[in-house]
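In: sequence? don't have it. structure:
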């Protein structure tokens, strides 16, 4: 017997997968040696070498805390932790991104990732509230995804608790 939930879950999985691979790269030639350092660390995240990426990104932030790529590096530390399965560290780095760089595009992305971390922790109420807040504040790159995931969680809640 086919699971009737699978199309919705497949859509959710595809949405999460697409969001996870959206780039936040930089053209190294635009930023010299610092750009090359950042891009090398970013490439490690993309290639799934999370432990090495974490080391390089941590060093990047230590060496360049006020550089304009610091928000991206902080955000990528969260993605690296997420990829390695350390949800607590992911939450910490995404929270740091929103706190330290509140007006950056990475802060908006980090808010989405924080909602995703809540969902992965199976805290659907918190995830839904976070996705709804992002959908209501329609000014970032993940507004469509947040809207779709908030709707999905609301429909699931209504179905499971009529």
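Out: That came through, no problem. Computed from a predicted structure; not experimentally measured. Numbering: from 1, shown residues only.
In: Quickly note the distance from residue 162 to residue 155.
Out: In this structure, residue 162 and residue 155 are 12 Å apart, going by Cβ to Cβ, to the nearest Å. Quick note: C-beta positions are derived from backbone N, CA and C, even for glycine.
In: So the two - more neighbours on which side?
Out: More neighbours sit around residue 155 than around the other of residue 162 and residue 155, counting by other Cβ atoms under 10 Å; the figures are 11 against 5.
In: SS state for the more buried one?
Out: Reduced to three states with DSSP: H, G, I helix; E, B strand; the rest coil, the structure at residue 155 is helix.
In: Can you name the residues that contact it?
Out: With contacts defined as Cβ atoms under 8 Å, 6 or more residues apart in numbering, residue 155 has no neighbours.
In: do residue 151 as well
Out: Contacts were defined as Cβ under 8 Å, 6+ apart; by that measure residue 151 touches no other residue.
In: Look up the pLDDT of it for me, please.
Out: As summarised for this prediction, residue 151 has a pLDDT of 93.
In: Could you do residue 48 as well?
Out: So residue 48 comes in at 97 (pLDDT).
In: Quick check on it: phi, psi?
Out: Dihedral angles phi and psi of residue 48 (degrees, to the nearest 10) take the values phi 80, psi 20.
In: center of the chain, which residue is that?
Out: The structure's the chain has its C-alpha centroid closest to residue 113; by Cα atoms, centre = their mean the separation is 3.3 Å.
In: Now for this structure, the helix or strand with the poorest mean pLDDT.
Out: With mean pLDDT, DSSP states H and E as the measure, the helix or strand of the chain carrying the lowest mean pLDDT is helix 6-21 (a mean of 46).
In: Downstream of that one, the next helix or strand is which one?
Out: The element immediately downstream of helix 6-21 (helix or strand, assigned by DSSP states H and E) is helix 32-46.
In: could you point out which element follows that next one?
Out: helix 50-63.
In: Next, the angle from that following helix to helix 32-46.
Out: For helix 50-63 and helix 32-46, the angle between their directions (axes from the mean of the first three to the mean of the last three Cα atoms, to 10 degrees) works out to 150 degrees.
In: so what does helix 50-63 touch, helix or strand wise?
Out: With contacts defined as 3 or more Cβ pairs under 8 Å, 6 or more residues apart in numbering; DSSP states H and E, the secondary structure elements packing on helix 50-63 are helix 32-46, helix 70-84.
In: Residues in contact with the helix or strand containing residue 107: which ones?
Out: Following DSSP H and E, one finds residue 107 within helix 105-120. Contact partners of helix 105-120, identified using Cβ under 8 Å, 6+ apart, comprise 16, 19, 24, 71-72, 74-75, 78-79, 82, 87, 90-91, 93-95, 97-98, 101, 124, 126-127, 130-131, 133-134, 139-142, 145-146, 149, 153.
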